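Visitor: Build me a model from this:
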Amino acid sequence: MSIGAQAGAGGIRFAAAAGSVSGYDRRGVDGTAYRWRGGYLFEDANGNDWWIVFQPSTSAGPGGRGGRGDVLACGTWSAGAVQVRVLASDVLREDADAVFRNEKPATLEDAVRAAGIIGQQGR
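Guide: Numbering: from 1, shown residues only. Sure, this is the predicted structure:
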């Protein structure tokens, strides 16, 4: 399995090669991980840890076409593949960042609820 997480100027980058991904149309993941006060891993109700990642749009040019992309949950606990669930698709990065900053999710279930309101601010 080819996955990795490394610190950079924009935070922690989470990456998984296309061949190691289950879900997300088997596309690779290369995005920035969200952090909560307990770290970068969001536990689900079954005790599994998930990374919550903003994945810039693959069709985006330099800088990410207005900063659009997908919010993904990536589970690395499965032997053989990174499990990927799409929590929000084609959303503005600034909206996603604002929701995660304001809602402060601490579990996968909290992150799913937070992702569900991205883009609904001010409506």
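
Visitor: max-length helix in the chain?
Guide: Counting residues, the longest helix found in the chain (DSSP state H) is helix 93-103.

Visitor: buried residues in the helix or strand that it is followed by?
Guide: Downstream of helix 93-103, the next assigned helix or strand under DSSP states H and E is helix 108-115. In terms of neighbour count (16 or more other Cβ atoms under 10 Å), helix 108-115 has its buried residues at 108, 110-112, 114-115. For the C-beta atoms, the positions are set from N, CA and C on the backbone; glycine is no exception.

Visitor: cool, and stretch 82-95?
Guide: 82-85, 87-88, 91, 93, 95.

Visitor: among those, which are in helices?
Guide: Cross-referencing the buried residues of stretch 82-95 against helices under DSSP H gives 93, 95.

Visitor: From residue 72, how far off is the most centrally placed residue in the chain?
Guide: Nearest to the mean C-alpha position of the chain, by Cα atoms, centre = their mean, lies residue 53 at 1.8 Å. Going from residue 53 to residue 72 by Cβ to Cβ, to the nearest Å gives 5 Å.

Visitor: measure stretch 26-42 end to end?
Guide: 22 Å (Cα to Cα, to the nearest Å).

Visitor: Ok, stretch 68-88 next?
Guide: 11 Å.

Visitor: ok so, going back, the residue nearest to the centre of the chain belongs to a strand?
Guide: Yes - using DSSP: H, G, I helix; E, B strand; the rest coil, the assignment for residue 53 is a strand.

Visitor: picking up where we left off before, and for residue 53 and residue 72, which residues touch both?
Guide: 29, 31 (Cβ atoms under 8 Å, 6 or more residues apart in numbering).

Visitor: Run through this protein and note the low-pLDDT ranges.
Guide: Residue ranges of the chain with pLDDT under 70: 1-10, 58-66, 78, 121-123.

Visitor: Quick one: the strands in it, in order.
Guide: Secondary structure of the chain, counting by DSSP state E: strands at 3-8, 11-16, 21-22, 29-33, 41-43, 49-56, 68-75, 82-92.
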